[in-house]
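> Kindly return the folded structure for what I paste below:
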Amino acid sequence: MTAVVPPSDLPQSPTPRPEAQRSEPGGRVRTALAAAAVRLPDRIPLMLFWACLVVSVTVTLGVFRPVVVVPAILVLVAATWRLLPEELPTSRAGVVGAVGAVVVALAWVAVNAPYASRFIVVSRDPGFLALGGIWLSDHPSAVIPAGGAYDVADAVRRATAAGSGMAAIDGNLYLQGTKLLPGLLAVAGWAGGDTAVLGGNLLVGAAALVAVYGLARRLTGPLVALLPVVALAASIPMTAFSRAAYTEPLAVALAFGGLTVIWSAFRGRDWRLHVVGAAMIGATGLVRIDGAATVVGLLAGYGLFAGATLLPRPRRRALGTLAAVIGVSAAVLVIGYLDLRLTSPKYLADLGSEYTMLLAVAAMLISRPLWMVNRNLDPESGYASLVGALQNRDMLVVDPTRSYDEMTVTWLSWYLGWPAVVLGFVGLALAVAWAVQRRDPRWLVLATVIGAPSALYLWRVSITPDQIWAVRRLLPLTIPGLLVLATVALVWVWQRRRASRGVTVAAGLAAAAFVAAPVLSWRGDLFTTVEQDGRWAQAHEICAALPAGRVVVVGAPSYVPTLRVMCDVEVVAFGRAPEAPELLDVRRAWDDDVAVLTFDAALVPWSGGQTPEPVRDGWTRTWEIDLDEIPAGGVTTRSTTYLGTIAPDGTVVPVAPAP
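The predicted model follows:
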């Protein structure tokens with residue numbers, strides 16, 4: 001099956017023959033530059049992949065230092081420089097498309113960089129991922145020593161050395177999640193400090209956009225392939241989850257880069273490309289614990305192809321390829337789970353069982369909001385409390401256990417528009433049809449890799465259902481996959497434009513809707529709102545104002561990792577208001593001056609019984625959260641900081657605010 005190429009992507013003039021080019025002055029240079037430009041969208045995801053392998057291994061082994069990591073990346077990239085997907089023609093359209101994709105990605109970084117988040121409090125995932133990057137930029141291991149705080153927490157009832165997104169085990173603190181993304185952000189931190197850590201995920205997002213183009217141009221042609229790239233770049237999910245330290249953009253880059261390599265592998269006979277492509281898909285497990293779902297889709301595609309191959313020699317070759325793919329993808333997954341076992345054991349134990357099976361795709365997905373209400377939240381959980389509070393705020397029917405799984409396809413329509421969603425499913429159907437009718441393994445693997453994790457989360461999203469948080473489940477494969485497949489369907493329709501003028505008009509309108517719908521989904525001042533704005537300055541002010549190097553945090557477990565990483569102090573926490581004797585026990589256990597930090601003065605037994613003046617009275621700006629619509633802008637909340645020291649009687653002597 002050849003790629004579906006619209007006539008608009010064909011060269012408008014004959015490409016000069018190589019002999020003519022070589023005879024012209026500078027012809028060789030122009031040819032080499034054109035070839036390099038066309039190869040760039042394939043090379044960037046591969047370079048990122050090799051860097052990911054080095055970062056993941058060195059962090060896991062506790063040898064994450066510039067002197068080890070940088071040379072290892074350079075050597076690995078140099079050794080694999082020629083190992084690329086099948087070379088594409090260096091036509092005018094090919095060069096323009098490739099350069100255009102890179103320009104779009106770089107321009108997207110430049111536009112979004114001023115609005116990179118300041119997410120350094122562990123209220124949600126970007127907090128511990130960014131803090132992990134900040135920690136690793138100065139340390140060779142992701143394991144954080146708890147110091148004396150571990151023994152203090154052991155000795156004092158209700159005190160803990162761990163905060164939100166952390167686990168305290170055998171004297172050490174373990175931030176949640178795999179450490180690949182924090183490691184990559186730390187590499188940026190080596191070059192640009194903490195600010196580069198906070199904004200570094202935009203570069204990963206840019207690589208993801210280029211990777212999507214690398215696959216899309218092989219399916220549709222070099223110019224029309226820019227369509228899904230622009231639509232993805234303009235979408236709220238891609239922007240939001242790249243401005244902060246989310247793992248999804250890196251999963252996009254590895255998955256679509258891997259699909260590009262595999263697509264090319266089936267066209268040639270270089271078995272190494274199957275291995276590299278499978279390793280890139282497997283590397284999604286280095287990024288996210290649910291990367292196994294993508295690997296399941298990969299193995300399903302290769303397995304179905306091997307099972308459908310009847311002739312002895314091709315069947316043996318297909319089975320050999322399947323064995324290699326299983327071995328390589330499993331080996332990379334093992335590295336990811338080893339990372340979790342060594343650097344986040346509690347997180348692995350808590351969530352690993354959620355991804356042991358996949359759910360089948362059903363034709364009823366789009367219609368579910370009309371007849372289904374899912375209730376999969378634990379009524380005693382904090383997630384249910386948040387959902388109930390949002391429902392009450394927005395005057396909806398209060399049902400805290402409602403998980404909104406039936407809304408997943410509707411969410412896609414909010415951010416991408418219905419034309420892209422419907423055409424995406426049409427494109428998926430076409431991919432399956434072409435795979436079956438023509439026994440083309442490329443379309444089969446494409447369909448299963450995109451389809452498996454999409455089926456999992458479109459049926460049951462398994463996340464707190466507020467927006468934009470919940471739609472992150474659909475970013476790694478579903479959103480870019482639908483956009484690419486929708487482009488395939490659009491080109492298929494366009495090739496039939498001679499049958500009816502209406503087909504031509506419909507295709508043109510759908511193409512316009514691709515870009516218009518994501519752009520128009522932005523509302524209010526959402527685009528210019530910096531997530532968690534104010535937290536960065538607050539943390540630096542608190543670090544400077546701390547009266548001691550050992551701190552008790554009261555009522556704010558989400559701030560424990562911030563203090564430990566950014567202020568480099570030992571920390572214990574009380575989730576509820578401690579009594580004076582408990583604070584006195586902490587002071588005795590540490591046998592030193594101890595500071596107390598809280599954001600709620602009523603939780604602390606102040607000396608003299610009077611509420612003191614705050615040392616800082618500031619504001620934090622965040623994105624609005626909603627259940628039944630796209631966020632409309634930013635909201636501002638007050639953030640008041642109180643500091644003190646534990647007196648000999650267990651009460652807290654307040655620290656006066658700076659003049």
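> in stretch 634-650, what's buried?
Using 16 or more other CB atoms under 10 Å as the test for burial, stretch 634-650 gives G634, S639, T641, Y642, L643, G644, T645, I646, A647, G650. Every C-beta, even on glycine, is put in place using the N, C-alpha and C of the backbone.
> So which of these are in helices?
Secondary structure assignment by DSSP state H places none of those in helices.
> any chance of those residues in TSV, plus pLDDT and distance to A113?
Converted to TSV, these look like this (pLDDT from 0 to 100; distance: CB to CB, whole Å):
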residue	pLDDT	distance to A113
G634	92	18
S639	89	25
T641	93	29
Y642	95	34
L643	95	33
G644	94	39
T645	94	40
I646	94	43
A647	93	47
G650	92	48
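> What is the nearest of those to A511?
G634 (32.0 Å; CB to CB).
> ok, now how distant is that closest one from L483?
Distance of G634 to L483, given as CB to CB, to the nearest Å: 27 Å.
> Can you report phi and psi for the nearest residue in space to L198 that is not next to it in sequence?
Closest residue to L198 apart from its sequence neighbours, by CB to CB, 6 or more residues apart in numbering: A116 at 5.5 Å. Per-residue torsions, A116: phi -60, psi 140 (degrees, to the nearest 10).
> Show the model's pLDDT score for A116.
pLDDT, A116: 96.
> There's contact between it and V197 in this structure, I believe.
No: look at A116 against V197 with CB atoms under 8 Å: they stay out of range, at 9.9 Å.
> Those two - which one has more neighbours?
Neighbours per residue (other CB atoms under 10 Å) separate A116 from V197, with V197 holding more: 29 against 22.
> from what I can see the more buried one touches G132, true?
No: counting by CB under 8 Å, V197 stays clear of G132, with 9.3 Å between them.
> what is in contact with those two at once?
With contacts defined as CB atoms under 8 Å, 6 or more residues apart in numbering, the residues shared by V197 and G132 are L185, A186.
> ok, A389 to G451 distance?
35 Å.
> Looking only at neighbour counts, state which of the two leads.
For A389 versus G451, the count of surrounding residues by other CB under 10 Å is larger for G451: 24 against 12.
> First-to-last residue distance for stretch 560-568?
Stretch 560-568 has an end-to-end distance of 11 Å (criterion: CA to CA, to the nearest Å).
> right, I mislabeled it, should have said stretch 429-443
From its first residue to its last, stretch 429-443 covers 10 Å (CA to CA).
> thought A196 was touching L184?
No: between A196 and L184 there is no contact under CB under 8 Å: 11.1 Å.
> out of these two, which sits in the more crowded spot?
Neighbour count, other CB under 10 Å: between A196 and L184, L184 has more, with 26 against 19.
> now the helix or strand harbouring that one: mean pLDDT?
Secondary structure from DSSP states H and E places L184 in helix 180-199. Averaging pLDDT along helix 180-199 gives 96.
> what angle do the following helix or strand past it and helix 180-199 make?
Sequence-wise, the next helix or strand downstream of helix 180-199 (DSSP H and E) is helix 201-220. Taking axes from the mean of the first three to the mean of the last three CA atoms, to 10 degrees, one finds that helix 201-220 is oriented at 110 degrees with respect to helix 180-199.
> So which elements touch helix 201-220?
On a contact count with 3 or more CB pairs under 8 Å, 6 or more residues apart in numbering; DSSP states H and E, helix 201-220 meets helix 27-61, helix 92-112, helix 180-199, helix 226-234, helix 236-243, helix 248-267, helix 478-494.
> Sketch out the strands for the stretch 551-659 of the chain, chain order is fine.
Ranges of strands within the stretch 551-659 of the chain are 570-574, 595-598, 616-623, 634-646, 652-654, based on DSSP state E, counting those that start in this stretch.
> V409 is nearest to which of those strands?
Short answer: strand 616-623, nearest of the strands of the stretch 551-659 of the chain by CB to CB, at 22.8 Å.
> and the closest one, what other elements does it pack with?
Going by 3+ CB pairs under 8 Å, 6+ apart, strand 616-623 lies up against helix 535-545, strand 634-646.
> Nice, that's everything, thank you.
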